[in-house]
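Trainee: here is my input, please return the structure:
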Amino acid sequence: MDELPEEEKRAIPAWVVTFADLMSLLMCFFVLLLSFSEIDAQKFKQIAGELSKAFGVQREVPALEVPMGTSPIFDKFSPAPPEPTVVNEIRQTTTDQQPQLQTLNDPTEQAVQDALQEQMDANLAEILEVLEPAIMDGRINVSEDQRRIVIRVEEKGSFPSGSAQLTWEFEGLLLDMAEVLADMPGDLAVEGHTDNIPIRTERFFSNWDLSAARAAAVANVLLAREQVSPERLRVTGLADTRPRVANTTADNRAKNRRVEIIIDLSGPLEEQEIRLRELIEAEQQSQEAIIDLRSEQTSPSGDLVW
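Mentor: Purely as a prediction, here's the structure:
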């Protein structure tokens, strides 16, 4: 069989011409139908509206009530009074308020403590009056420590350096002090203190010797006129074991060289406290007895019986 020429292979098939004529006729037919038809706008809108309602497209629903937001919490739970959540841990809190003993709230206890403090103030004022010149000169310092009165004798003007010999002026002051201490109850303790510089002389082998000698010198003057009972006295030399301040400078070392006369009033004040309590309790019992007696003298109708 012979093959077709190359120009015939590239030509359009013959059925395409027939198909194109058919499509042209169909298009003319629909154009004629459209030109002959008549569109009713009202019916078109009605049909479009019914179709939109039927298929639910962008339908407007009238809202009779304003829609409110809902939550599953409100649906499942009802409100109740709030309760604290228990935490399984221990917390410690601090406060600036100072604790106050319950006993001080008692009027009786408060009255007893006021009376004891008044007695302490009276003893302190008596000592301050006698030692006022030495206090003004800075040779003596007086302070109150709970139920003790501490008379601190500085080395300045009292003892020469490295010596246990009292100056005549300070010796006279101690004699005046002995008169006051004789009438004041309580035990007396005389303690000698030095700084931390070692001393080694023919008289003093160490600071222990110096501190004990100075304390003994003060005690001897207090006992010179036999106004103070020796049984009340206790003399101690402490060397540099209890400094007031650190021995770092010359001024600090001078503060540590001292003799302290300690008046311990704890024993007499405790006895006075016991007596005051007994007096207050006795007075309270007598007042209760008077109230009971008045109640018995009152008749049931409220009239007094004479």
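Trainee: from here on, just use CA atoms for contacts and neighbour counts.
Mentor: OK.
Trainee: just the helices in the stretch 51-200 of the chain please.
Mentor: 72-76, 107-130, 132-137, 168-183 (DSSP state H, counting those that start in this stretch).
Trainee: export the third one as PDB, just CAs?
Mentor: What follows is helix 132-137, C-alpha atoms only, in PDB (Å, rounded to 0.1, in the frame of the first residue of the first chain):
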ATOM      1  CA  GLU A 132      27.100  63.700 141.700                       C
ATOM      2  CA  PRO A 133      30.600  65.600 141.700                       C
ATOM      3  CA  ALA A 134      32.500  62.500 140.500                       C
ATOM      4  CA  ILE A 135      29.800  61.700 137.900                       C
ATOM      5  CA  MET A 136      30.100  65.300 136.600                       C
ATOM      6  CA  ASP A 137      33.900  64.800 136.300                       C
END
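Trainee: contacts for it, please.
Mentor: Contacts with helix 132-137, where a contact means Cα atoms under 8 Å, 6 or more residues apart in numbering, come from 140-142.
Trainee: now do that helix, average pLDDT.
Mentor: Mean pLDDT, computed over helix 132-137, is 83.
Trainee: what residues of that helix count as buried?
Mentor: For helix 132-137, the neighbour count (16 or more other Cα atoms under 10 Å) marks 134-135 as buried.
Trainee: return the member of the helices of the stretch 51-200 of the chain having the minimum mean pLDDT.
Mentor: Taking the mean pLDDT of the helices of the stretch 51-200 of the chain, helix 72-76 comes last: a mean of 61.
Trainee: dump the helices of the stretch 51-200 of the chain into a markdown table; add distance to A219 as well.
Mentor: Formatted as a markdown table, the helices of the stretch 51-200 of the chain follow (distance: least, Cα to Cα, whole Å):
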| stretch | distance to A219 |
| --- | --- |
| helix 72-76 | 88 |
| helix 107-130 | 17 |
| helix 132-137 | 18 |
| helix 168-183 | 9 |
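Trainee: right, and those - which one's nearest D40?
Mentor: Comparison of the helices of the stretch 51-200 of the chain against D40 by Cα to Cα identifies helix 72-76 as nearest, at 53.4 Å.
Trainee: distance of G162 relative to Q117?
Mentor: Distance of G162 to Q117, computed by Cα to Cα, to the nearest Å: 40 Å.
Trainee: an error on my part: the question was meant for S229.
Mentor: 25 Å.
Trainee: and for A246?
Mentor: 33 Å.
Trainee: ok, and the closest non-adjacent residue to F204?
Mentor: Nearest-residue entry for F204: L210, 5.8 Å, with adjacent residues in sequence omitted and distances by Cα to Cα, 6 or more residues apart in numbering.
Trainee: okay, the one you found: pLDDT?
Mentor: Confidence at L210, expressed as pLDDT, is 90.
Trainee: give the buried residues for the helix or strand hosting it.
Mentor: For L210, the enclosing helix or strand under DSSP states H and E is helix 207-222. Of all the residues in helix 207-222, those buried under the rule 16+ other Cα under 10 Å are 207-219, 221-222.
Trainee: from these, pick the one nearest L181.
Mentor: Taking Cα to Cα as the measure, L181 lies nearest L222 of the buried residues of helix 207-222, at 8.8 Å.
Trainee: ok, that closest one touching G172?
Mentor: No - L222 is beyond contact range of G172, at 10.1 Å (criterion: Cα atoms under 8 Å).
Trainee: got any residues that touch both of these two?
Mentor: By Cα under 8 Å, 6+ apart, no residue touches both L222 and G172.
Trainee: understood, closing this out.
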